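S.K.: 3D, please:
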Amino acid sequence: MRKVSEGKKLSTEDLVVLMLGLFQGIRKDVTETNKRIDALYDLVGRIYDLMGKNYEALNKRIEETNKRIDETNKRIDALYDLVGKNYEALNRRIDETNKRIDGLVKDVNEMRESINKRIDNLYDLMGKIYQALIRQETTQRQ
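M.R.: Numbers count the residues shown, from 1 in each chain. Purely as a prediction, here's the structure:
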């Protein structure tokens, strides 16, 4: 390197020594680069393993969540069916109650008409009794 800096010509031996030095430097750089690549490869391998474990754990949690969703959907379906049955039963009971109420209203109306007829008959009877009493009173006075 000193000869090169002084501008002197290099001999074949000097060129061989210079080339060997360059090759050693390149070899050292390649070895260090290989070590760094190996370290990065190990790091990528560990990250890949960690991602695989995380993927498995996440997949397991998703499956558990899907199971819970399925169970919840089944419970909702069962509740929906139960509410539907209760709704139908309540509608039947309401219909039956309405029929009973309609029957009672009809009976009450019939009773009202019967009572009104009996009251009318009583008024008629009382009118006849009153007229009979008035005739009798008039007859007795005469």
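S.K.: could you pull out the helices for the chain?
M.R.: Along the chain, the segments classed as helices by DSSP state H run 2-6, 12-141.
S.K.: among the ones you listed, which gets the worst mean confidence?
M.R.: Mean pLDDT is lowest for helix 2-6 among the helices of the chain, at a mean of 76.
S.K.: Just name whatever secondary elements it is in contact with.
M.R.: The helices and strands touching helix 2-6, judged by 3 or more Cβ pairs under 8 Å, 6 or more residues apart in numbering; DSSP states H and E, number zero. Bear in mind the C-beta positions are built from the backbone N, C-alpha and C, glycine included.
S.K.: who's in contact with that helix?
M.R.: Here helix 2-6 makes contact (Cβ atoms under 8 Å, 6 or more residues apart in numbering) with 9-10, 14, 18.
S.K.: Can I get it in PDB? Just the C-alpha atoms.
M.R.: Output of helix 2-6 as PDB, limited to C-alpha atoms (Å, rounded to 0.1, in the frame of the first residue of the first chain):
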ATOM      1  CA  ARG A   2       3.000   2.200   0.700                       C
ATOM      2  CA  LYS A   3       4.300   1.600  -2.800                       C
ATOM      3  CA  VAL A   4       1.000   2.500  -4.300                       C
ATOM      4  CA  SER A   5       0.700   5.700  -2.300                       C
ATOM      5  CA  GLU A   6       4.300   6.600  -3.400                       C
END
